[in-house]
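A.B. asks: Fold the following and give me the result.
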Amino acid sequence: MLKQRIITAVLLLPLVGILLFVLSLHEFAAALVIVLYLMAWEWGRLGDLRSGMARSFYAMLVALSALGVWYLAPALEFWPSTWFIEWHLTSTLVVYWLSFVAWACAFLMMLLSAKHRSFWASHHWPRLLLGWIILLGFWVSVIAIQGSSTIVEPYRGAYLVLFMLFMIWGADVGGYLFGKLWGKRKLAPAISPGKTWEGALGGVFLSSVVATVGIFVLDLPTAHPLAVVAAVLLLVVVSVLGDLFESLLKRQVQIKDSSQLLPGHGGLLDRLDSTIAVAPFYVLVAKLLGWI
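C.D. replies: I've put the predicted structure just below:
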């Protein structure tokens, strides 16, 4: 299993490099629609859509919604520039802020899952609706980060996306290592029995190290150090919650992986669950701290 995971990861790295550093912004957005379709297909499974045709229809609906948002929105290059400056009622802005509402509902679902287990188990539409908004919010957010490049710094957006991914990977690796070595107290036994408080703290520690190195390498503004620390902590917490939410959905439909698309890893959602959660918050943090 470990060998398979390593081989898959090595094969995926060049693809990530091409997506971030070779494709134009429009090509990147189009490629991400394909990724969005695949993730939505997997989410359909988490939403308890039993037939492949039903999951395909749901995935197509999400992908077409993304294309609709793209068609109604300003040019891709302007997606992040008008946000938080003045109110522009654009399709991207509506989707972006709705994704925060969706994640608030998702976190509430986790808190109430024990008391209202039968409701979530018998009603799949809330999960499908949340997935629709959450996935679109992820798509809009990642394009906004990638589109923050300038003529002077043509790869700034790509490096900012990588920075986000490295912080999330730091939280995952730190959580796994510290959890294996010292994990005793369960973080959320009803949702994910393998996660511990020691692992979560290890994730915070390693992600903070990665963030410190990344800020130095990318020369990001740090005029307010306490705000930067708070931002990193927020992103790590959201990363863990995103992982827990997918675990909750899988537990509700009694499956181990969202799919078998990535040998040794499971599905795209299994690898990107934290990223889907973090992306909108990362855009907000980057904008407020002057990184975008």
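
A.B. asks: show me the contacts for the closest residue to Tyr159 other than its chain neighbours.
C.D. replies: Nearest-residue entry for Tyr159: Leu218, 5.8 Å, with adjacent residues in sequence omitted and distances by Cβ to Cβ, 6 or more residues apart in numbering. (C-beta placed from N, C-alpha, C; glycine too.) Contacts here follow Cβ atoms under 8 Å, 6 or more residues apart in numbering; on that basis Leu218 touches 159-160, 163.

A.B. asks: Check Leu23 too.
C.D. replies: Ala31.

A.B. asks: To which secondary structure element is it assigned?
C.D. replies: Secondary structure assignment for Leu23, by DSSP states H and E: no helix or strand.

A.B. asks: other SSEs contacting the top strand by length along the chain?
C.D. replies: As assigned by DSSP state E, the longest strand anywhere in the chain is strand 192-196. Applying 3 or more Cβ pairs under 8 Å, 6 or more residues apart in numbering; DSSP states H and E, one finds that strand 192-196 contacts helix 156-182, strand 186-188, helix 225-253.

A.B. asks: can you list those in JSON lines and add mean neighbour count?
C.D. replies: Output for the helices and strands packed on strand 192-196, formatted as JSON lines (neighbours: other Cβ atoms under 10 Å):
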{"stretch": "helix 156-182", "mean neighbour count": "20"}
{"stretch": "strand 186-188", "mean neighbour count": "18"}
{"stretch": "helix 225-253", "mean neighbour count": "19"}
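
A.B. asks: Compare these and give me the one nearest Trp41.
C.D. replies: Nearest to Trp41, of all the helices and strands packed on strand 192-196, is helix 225-253, at 14.2 Å by Cβ to Cβ.

A.B. asks: What's the first helix or strand after the closest one?
C.D. replies: helix 268-288.

A.B. asks: For that next one, name the packing helices and strands.
C.D. replies: By 3+ Cβ pairs under 8 Å, 6+ apart, helix 268-288 packs against helix 25-46, helix 91-112, helix 125-146, helix 156-182, helix 225-253.

A.B. asks: Quick check: buried residues in the first one?
C.D. replies: Buried residues in helix 25-46, counting neighbours by 16 or more other Cβ atoms under 10 Å, are found at 25, 28-29, 32-33, 35-46.

A.B. asks: Quick one: neighbours of the closest residue to Pro74 other than its chain neighbours, just the number.
C.D. replies: Take Pro74 and drop its neighbours on the chain: the residue closest to it by Cβ to Cβ, 6+ apart is Thr90, 6.0 Å away. Residues lying near Thr90 (other Cβ atoms under 10 Å) number 17.

A.B. asks: looking at it, Thr90 is touching Leu76, isn't it?
C.D. replies: No: with contact defined as Cβ atoms under 8 Å, Thr90 does not count as touching Leu76 (12.0 Å).

A.B. asks: so who does Ser149 touch?
C.D. replies: Applying Cβ under 8 Å, 6+ apart, the residues near Ser149 are 25, 155-158.
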